[in-house]
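**Q** let's see this in three dimensions:
(chains A and B)
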Amino acid sequence: MAAPLTLLLVVAVTIRAALYRSSLAEVIAERVEVVSPITAWKRVIEGLALLDLGVSPYSGDVFHETPLVIYLFHFLVDYAEITFMLADVISAIALYLAVKEYNKQVVRKKQKFALEADRYPQDCLELIRSPKEMLYIPLKVAMFYLLNPFTILSCVAKSTCGLNNAPQIITPHCFKISFAVFLCLATYQSIYPLTLCAPAMLYLMQRQYIPVNYRRASFWWFVVQYLFMYLGSLFVLICLSFFLLGSWDYLPSVYGFILSVPDLTPNIGLFWYFFAEMFEHFRLFFLCVFQINVFFYTVPLSIKLKDHPVFLMFMQLAVISIFKSYPTVGDIALYMALLPVWSHLHRFLRNIFLVSCVLLACSVLFPVLWHLWIYAGSANSNFYYAITLLFNVAQILLVSDYFYAFLRREHHLIHGLYLKKKDGSEATLVLK
Amino acid sequence: MGLLSDPNRRRALISLLTRLNAPICGMPVDWLVKTMQARGLEVFTQRFSRTLPFPDENNERYIVEGTNVYGILRAPRAPRTEALVLSAPCSPGDDNNQAVGLLLGLAHYFRNQVFWAKDIIFLVNEHDLIGMQAWLEGYHHTNTTGMDWSPLQGRGGSIQAALSLELSSDVVTSLDIVLEGLNGQLPNLDLANLFYAFCQKIGVLCTIQGRIQRNDWDSVSGYSHAVQTMMLMVMKQASGRSWGDHGLFLRYHIEAATIKGINSFRQYKTDATTVGRLLEGMYRKLNNLLERLHQSYFFYLMPSLSHFVSIGYYMPAFGLLAVILLLRALDLWVQLATPPSRNEDGVADIEQSSTGVLSVLTPLVISHLTGAALYMLPVRFQEMAVEHFQVSETEAVVLTAIAVYTGGLALPHNTHRLISGEGTEQGWRVLKLVAVLYLAVLLGCTALINFSLGFILALTLVPVASFVTPHVPKLLSAVVLVILSPAFTLLFSVFIFQELQEMPVSFQDGWMLYLSVISQGILDHYLYGSLVYPLIALMVYPCWLLFWNILFWK
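**A** Numbers count the residues shown, from 1 in each chain, chains lettered A, B, ... in the order given. This is a model prediction of the structure:
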């Protein structure tokens, strides 16, 4: 498998290098769908310039990255393009290895259950995947990530989204508790990966065969260990940032900015239009509602999907990408890369055609309506927000469709593929 | 007996001089500067130069150098934050010889009024659109088209509205308003309404598309007259050209229109003073604006000056055409999703679908490469074409474009056979699904930016896209597909346009006109950034090639 992966990496790096050299790079770096106030490269350069002048980079409300990132680029600013390409390559390799590991685990679980074959009804043997089918999935996942136009645009724009994605991707790869550090790194850069704690803990518990039962002491002991590791690393990172720059300015500039959403530049998210037309009186209330919305789905989803932590991680990533305060297309590329892992759910998906048409049409309509609004003056912000809404609704439909398909497959595995009601006629499944 | 007594040599010398564009009769810059200064304006000039990618035979220019002259009338008691522009293109010869005079007369009159709240810029631009582009780029500090211009020494604030004058005679029988701008962009309807209201008030006959409106809406002939006027507007908008100097202002969010004076055989003639009063009235109204014109429609079609069709009426027509494509896509999806009645296990299914994807990718890549060739080759290889064939550069460019277009028809027959032996039933369905969705998205985006272009392309491409499969009768479908291809649509549009303007042409003249339309389209793209040529070459033509490929799928 190394040869196709290497070929894929070479192709991806070539495409990115070719685009860096063309005149499209500046155009892409200014598109609001690709960069946000948190991830824009222009702002990183601004922060570096301020740092060189000896002024705090957070003065002036331009720079909103963490101190680690600014110090990273302090040394690497001349090799910025290579850094971003390397981040993409590392993410792709991490995805490849993680999915391969997950597939091995699935096969082991399936094989184990195949021994107790009476566990599964006879007619749903076709639902169980064979290792041969799953052979190409890691390569497809890496391909979906690297050759996704969203990722390529994000890399060419030098958006630090690529750097934010890399630690999030390494998280499912962890089989040791010490790798909580990576999740901590992801949380340190943007707060939302905090919700990935639950799936990470569940995954590790599954790997180490600790039963997920809140009455058991081993469960709580594991949770305490993980949280200690996680919070400890977070504490270390925050104190390290303090010592790097010598002040606590970065806390309001980074975390305060993400949570309180002061900048209302249009992007592909849902926050900007709402808060542009909001009265000041209600701003705090709606801010809390919108931010809680991101974290809200963790507990119910974890309870429902406690036996399937990788799918839970996929759902969480999707929820973060849709509902975060400054989403960009790089965030979307991250969870879309994981779609081939669930390709066996294809037969249960109901809306895939509609969703893919809408996503495709909206991606193309974003720049068109931006042009009509900002340059031609014939449209206004309502048109652009309509497309944003449609795009997000399509994403939500995609995620919920996969959720339905996953649960339905699990149901069939337990109760048989062709369901009959009590009187023998065919039954249909409804997701309540 | 000298060099110029021989008519052939005289012609050769004139063409040589035209090529080099040495100013035999250029713009009287110094006289204009002196006259404007005498009227109390702040006068500035701007030099610009541009080498066209290939010689423009319609206007007979290749290396263009010129000077724009503009005078700013400062508002007596207002801060210099907003401005209005009155422009007149100055061309050598009799083309527009009265407009500059009217402009100077208006400048003199305006100078004596005290109610101006915005600065008024009186602009005389040379080489019409090229000079206007240079001035606008200099004014807004952008440089999108690679023109070389000297920076503007004087500015007047953000421009709120602009009018361009074209007058060839000192008495007019009617005034015509031209609204269509670059890429089919239109000014706010309020500007057209303003013009119409003032024409009614002053009693000047006003037209749009050069046609007078009729009052008998109920009769068939009255209705068809209005439809023809609207069709003229649709065709002008679809061409993406700027049909007056005002067209380049619209890109900068400045509402602008061109007013042309027409002198035809009517008894009642209006003199220049009345035209001046009309313009003064319009400028006083524009002066009183507190914000830019944005209240009325930006997307409309006008069957006459007092009636318009808004986007809410015409967009559903386009929407219904797009729905055809979406229904066809849904049908194909359902056909692809239900497995055919053969017994195959899961492994073979995956193999087939993966080769399906690969065999779709090949026609896509090849069609787009052909489209890229159509976009880049004509202008890049004109020198090589001129060396090998006895044609001028313009003809070389146009004929190369037509050659690449026709060559693309021969190409896709064999591409998928190169890769995977023969295609499958699944294969052409997947390709058609991709092609139909691609066409739907492309037409949607085009219709949003330039409705007329999107609608005309939809009318010709949607029926073809829906019915083409490898199983329809090949020869008949091939002929229909070629006749409805973008190139032929353009050819028919040229003939229909001439018919609508009541100047029908013979086939020979029509063909020459068609070639000049292609060269103008390519030039518009390089000079002003018109999007029609890249859209058709890089997107519509490859999409059409995909359907051609499907027709000949084995």
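**Q** get me the contact residues on the stretch 351-500 of chain B for chain A.
**A** Counting by C-beta under 8 Å from any C-beta of the partner chain, the residues of the stretch 351-500 of chain B close to chain A are B:L437, B:A440, B:V441, B:G444, B:C445, B:L448, B:I449. Quick note: C-beta positions are derived from backbone N, CA and C, even for glycine.
**Q** go with 6 Å
**A** By C-beta under 6 Å from any C-beta of the partner chain, the residues of the stretch 351-500 of chain B that approach chain A are B:V441, B:C445, B:L448.
**Q** which strands and helices sit next to the helix or strand hosting A:A94?
**A** Assigning secondary structure by DSSP states H and E places A:A94 in helix A:80-115. Helix A:80-115 is packed against helix A:2-21, helix A:137-146, helix A:161-170, with contacts defined by 3 or more C-beta pairs under 6 Å, 6 or more residues apart in numbering or on different chains; DSSP states H and E.
**Q** hmm, 8 Å instead?
**A** On a contact count with 3 or more C-beta pairs under 8 Å, 6 or more residues apart in numbering or on different chains; DSSP states H and E, helix A:80-115 meets helix A:2-21, helix A:67-76, helix A:137-146, helix A:149-156, helix A:161-170.
**Q** among those helices, which is the most enclosed?
**A** Mean neighbour count (mean count of other C-beta atoms under 10 Å in any protein chain shown) peaks for helix A:161-170 among the helices and strands packed on helix A:80-115, with a mean of 25.
**Q** circling back: so which of the helices and strands packed on helix A:80-115 gets nearest B:F381?
**A** Among the helices and strands packed on helix A:80-115, the nearest to B:F381 by C-beta to C-beta is helix A:2-21 (23.1 Å).
**Q** whatever helix or strand comes next after the closest one and chain B in contact?
**A** Counting by DSSP H and E, the next helix or strand C-terminal to helix A:2-21 is helix A:24-29. No: in terms of C-beta under 8 Å from any C-beta, no part of helix A:24-29 sits within range of chain B; the closest distance is 11.6 Å.
**Q** got the CA positions of helix A:24-29 in PDB?
**A** C-alpha atoms of helix A:24-29 as PDB (Å, rounded to 0.1, in the frame of the first residue of the first chain):
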ATOM      1  CA  LEU A  24      -4.500  32.300  -8.200                       C
ATOM      2  CA  ALA A  25      -2.800  32.100  -4.900                       C
ATOM      3  CA  GLU A  26      -3.500  35.800  -4.000                       C
ATOM      4  CA  VAL A  27      -7.100  35.500  -5.200                       C
ATOM      5  CA  ILE A  28      -7.700  32.400  -3.100                       C
ATOM      6  CA  ALA A  29      -6.100  33.900   0.000                       C
END
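**Q** which of the residues in that helix are buried?
**A** The neighbour-count check on helix A:24-29 (16 or more other C-beta atoms under 10 Å in any protein chain shown) flags A:I28, A:A29 as buried.
**Q** likewise for stretch A:297-309?
**A** Buried residues in stretch A:297-309, counting neighbours by 16+ other C-beta under 10 Å, are found at A:Y297, A:T298, A:L301, A:S302, A:L305, A:K306, A:H308, A:P309.
**Q** the second one and chain B, how far apart?
**A** Okay, so that is A:T298. A:T298 is 34 Å from chain B, where distance means C-beta to the nearest C-beta, to the nearest Å.
**Q** distance from the chain centre to the worst-scoring helix or strand of chain A on mean pLDDT, please.
**A** Lowest by mean pLDDT, DSSP states H and E among the helices and strands of chain A is helix A:161-170, with a mean of 82. Computed by C-alpha atoms, centre = their mean, to the nearest Å, the chain-centroid distance of helix A:161-170 equals 8 Å.
**Q** same deal with stretch B:130-141?
**A** Chain-centre distance of stretch B:130-141: 18 Å, with C-alpha atoms, centre = their mean.
**Q** then stretch A:383-394?
**A** Its chain's C-alpha centre and that of stretch A:383-394 lie 19 Å apart, by C-alpha atoms, centre = their mean.
**Q** equivalent analysis for stretch B:125-138, please.
**A** That offset, for stretch B:125-138, works out to 17 Å (C-alpha atoms, centre = their mean).
**Q** next: stretch A:39-53.
**A** Centroid separation for stretch A:39-53 versus its chain: 26 Å, with C-alpha atoms, centre = their mean.
**Q** near chain A, which residues of the stretch 151-300 of chain B are found?
**A** B:Q185, B:L250, B:R251, B:H253, B:R292, B:H294, B:F298, B:F299.
**Q** again, only using 7 Å
**A** By C-beta under 7 Å from any C-beta of the partner chain, the residues of the stretch 151-300 of chain B that approach chain A are B:Q185, B:R251, B:H253, B:F298, B:F299.
**Q** show me the contacts for the first one.
**A** Listed by C-beta atoms under 7 Å, 6 or more residues apart in numbering or on different chains, the contact partners of B:Q185 are A:A376, B:L250, B:R251.
**Q** partner strands of the longest strand along chain B, parallel or antiparallel?
**A** Counting residues, the longest strand in chain B under DSSP state E turns out to be strand B:42-56. Strand pairing for strand B:42-56, determined by DSSP bridges: strand B:61-73 (antiparallel), strand B:148-149 (antiparallel).
**Q** do you know which of these lies nearest B:R211?
**A** Proximity to B:R211 (C-beta to C-beta) singles out strand B:61-73 among the strands paired with strand B:42-56, at 31.0 Å.
**Q** partner strands of the helix or strand just after the closest one, with direction?
**A** Remark: after strand B:61-73, the chain's next helix or strand is strand B:82-90, criterion DSSP H and E. With DSSP bridges as the test, strand B:82-90 is paired with strand B:119-126 (parallel), strand B:158-167 (parallel).
**Q** list the contacts for the closest residue in space to A:T298 that isn't next to it in sequence?
**A** Leaving aside its sequence neighbours, A:T298 sits nearest to A:T195 (C-beta to C-beta, 6 or more residues apart in numbering or on different chains; 4.6 Å). A:T195 is in contact with A:F295, A:T298, A:Q316, A:I320, counting by C-beta under 7 Å, 6+ apart.
**Q** circling back: out of the strands paired with strand B:42-56, indicate the one that is most buried.
**A** Highest mean neighbour count among the strands paired with strand B:42-56 (mean count of other C-beta under 10 Å): strand B:61-73, a mean of 22.
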